[in-house]
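Asker: fold the following.
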Amino acid sequence: MKKIHFIGIGGIGVSALARYFLAQGYEVSGSDGTGSEITTELEKLGAQIFIGHKAENILRPDLVVFSAAVQEENPELAEARRQSIKCQKYAQALGQLTKEKFTIAISGMHGKSTTTAMIGLMMEKAELDPTVIVGTRLSEWGNSNFRAGQSKYLVIEADEYDRSFLNYWPRVLVLLNVEEEHLDTYTGGLPDIMDTFGEYVGHLREDGVLVANEEDKNITAIINHIQNQKFKIKTYNSVTPAGLNLKIPGRHNIGNANAVLAVADILGITDKIAVKSLNDFNGTWRRMEYRGLFNGAKIYDDYGHHPTEIKATLAGARELVGEAGQLWCVFQPHQYQRTHKLYRQFISAFDFADKTIILPIYSVAGRETEEIKKKVSSEKLVESISNDKVIYLDSFSKATEHLKNNLKKGDVCLIMGAGDIYKLTEALF
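Answerer: Presented below is the predicted three-dimensional model:
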């Protein structure tokens with residue numbers, strides 16, 4: 001039996017890979033900075049969990065897998081290297097699996113988790129028994145981010161951060177959208193991003209298929225620059241197909257569903273099964289997730305943190321607002337670097353909301369500089385937006401009190417961000 005140690009095992013992606021190896025009968029250990037629901041679940045599944053990073057946590061594993069957020073000076077990683085133990089980033093370890101299985105990889109700046117979940121559930125209903133690794137949790141899989149399958153199929157969410165997807169070798173590559181994001185990774189901006197996506201698309205084999213959003217101009221440009229292209233290209237758009245009646249709102253989700261239908265066609269899944277699966281889809285954790293009523297207003301929790309995601313999600317949420325109601329957004333910016341680089345886009349991101357509360361920026365350890373922190377703040381953003389629909393509040397407690405005093409029946413409120421803003425949602429209930 002092989003023994004694998006995971007550094008940062010509480011992360012969404014890393015924990016899913018740990019679940020995979022546990023399901024395969026491996027001996028798994030792992031550490032994280034703090035305990036969480038995820039580490040508790042992994043412990044129940046048989047993993048040995050350490051809270052805190054210490055050199056003595058390295059108990060002679062055959063392999064050490066670490067998340068992209070782990071720095072080289074991490075004591076466990078340093079100890080593993082000192083002992084000449086094989087060390088791989090999460091993406092490198094997952095990349096090996098993509099070579100061994102028929103891999104369907106879902107990529108793009110927005111919609112990856114939702115589309116990955118849709119494809120995984122559809123394949124499950126079609127009895128293709130896939131293994132699925134997704135960047136969020138699904139109630140259908142026991143509130144897990146992983147499904148263990150016995151077939152040749154592997155469905156993964158392929159992240160562009162840290163150029164992780166360059167480790168993957170899919171048979172079917174779904175490309176949802178391409179734009180500026182993760183500019184701490186892509187210091188060359190959009191041209192750097194386009195070049196890297198082009199390199200990634202080049203990982204497709206001759207018998208592979210690129211499923212591409214024909215409405216995205218950057219994807220079209222990437223396709224036009226492909227030289228000696230031997231794989232197939234299958235395009236999709238955001239026109240509502242016959243019989244589709246999604247429970248989750250927004251034109252962007254119609255586009256996601258069309259990408260899923262394109263994959264269904266490649267795999268030989270009938271439209272009847274594919275459309276029914278999509279219509280039954282209830283959404284995922286923190287992706288327009290309905291949490292309940294507060295003051296008679298519908299509360300939704302959402303992971304959106306990029307201006308394009310925010311605008312698209314708010315546009316979709318307008319469909320849910322009652323005639324006399326208002327659309328609220330409570331937003332916690334995620335990372336000073338992103339807020340600074342995409343500042344102009346953030347100014348118009350909340351246009352579809354009637355009322356917006358902006359909270360202090362969530363700082364991401366290891367990805368910020370003091371120089372950038374001095375240049376940008378939530379207060380400055382609110383001043384730049386410059387209208388009475390948007391206010392700044394400096395704490396969750398003040399935001400909770402404001403919602404308690406102002407939300408009313410018929411309103412819809414989205415609580416958005418990739419940091420710890422989910423705690424505000426929990427506080428409401």
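
Asker: so where is this protein shaky, pLDDT-wise?
Answerer: 1 (pLDDT under 70).

Asker: what residue of it is the furthest out?
Answerer: Q83 (34.1 Å; Cα atoms, centre = their mean).

Asker: neighbours around the residue nearest to that residue when sequence neighbours are not counted, how many?
Answerer: Residue nearest to Q83 in three dimensions, not counting chain neighbours: I58, with 6.8 Å by Cβ to Cβ, 6 or more residues apart in numbering. All C-beta atoms are positioned from the backbone trio N, CA, C, and that covers glycine. Other residues lying near I58 total 23 when counted by other Cβ atoms under 10 Å.

Asker: sheet-wise, list the partners of the one helix or strand W328 maps to with their directions.
Answerer: Assessed by DSSP states H and E, W328 sits inside strand 327-331. Applying DSSP bridges to the sheet, strand 327-331 is found paired with strand 355-358 (parallel), strand 412-416 (parallel).

Asker: highest mean neighbour count out of those strands?
Answerer: Most buried of the strands paired with strand 327-331 by mean neighbour count (mean count of other Cβ atoms under 10 Å) is strand 412-416; its value is a mean of 26.

Asker: run through who's touching that one.
Answerer: 288, 294, 297-305, 310, 313-314, 317, 320-321, 325-332, 353, 403, 407, 421-422, 424-425, 428 (Cβ atoms under 8 Å, 6 or more residues apart in numbering).

Asker: state the helix or strand in which T308 lies.
Answerer: T308 belongs to helix 307-317, assigned by DSSP H and E.

Asker: next, the angle strand 412-416 makes with that helix.
Answerer: If you take axes from the mean of the first three to the mean of the last three Cα atoms, to 10 degrees, helix 307-317 sits at 160 degrees to strand 412-416.

Asker: CA atoms only for helix 307-317 - export them in PDB, please.
Answerer: What follows is helix 307-317, C-alpha atoms only, in PDB (Å, rounded to 0.1, in the frame of the first residue of the first chain):
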ATOM      1  CA  PRO A 307     -16.500  41.600 -12.100                       C
ATOM      2  CA  THR A 308     -17.900  39.500 -15.000                       C
ATOM      3  CA  GLU A 309     -19.200  36.800 -12.700                       C
ATOM      4  CA  ILE A 310     -20.800  39.400 -10.400                       C
ATOM      5  CA  LYS A 311     -22.500  41.200 -13.300                       C
ATOM      6  CA  ALA A 312     -23.800  38.000 -14.900                       C
ATOM      7  CA  THR A 313     -25.000  36.600 -11.600                       C
ATOM      8  CA  LEU A 314     -26.800  39.800 -10.600                       C
ATOM      9  CA  ALA A 315     -28.400  39.900 -14.100                       C
ATOM     10  CA  GLY A 316     -29.700  36.400 -13.600                       C
ATOM     11  CA  ALA A 317     -30.900  37.200 -10.100                       C
END
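
Asker: one step back: what's the PyMOL line that selects buried ones from the contacts of strand 412-416?
Answerer: Restricted to buried positions by 16 or more other Cβ atoms under 10 Å, the PyMOL selection for the contacts of strand 412-416 reads:
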select buried, resi 288+294+297+298+299+300+301+302+303+304+305+310+313+314+317+321+325+326+327+328+329+330+331+332+353+403+407+421+422+424+425+428
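
Asker: show me what the longest helix anywhere in the chain is packed against.
Answerer: Ordering each helix of the chain by length in residues (DSSP state H) puts helix 251-267 first. Judged by 3 or more Cβ pairs under 8 Å, 6 or more residues apart in numbering; DSSP states H and E, the packing partners of helix 251-267 are helix 112-125, strand 172-175, strand 209-213, strand 232-236, helix 271-280, helix 307-317.

Asker: for G33, give me its contacts.
Answerer: Counting by Cβ under 8 Å, 6+ apart, G33 has contacts G10, I51, G52, H53.
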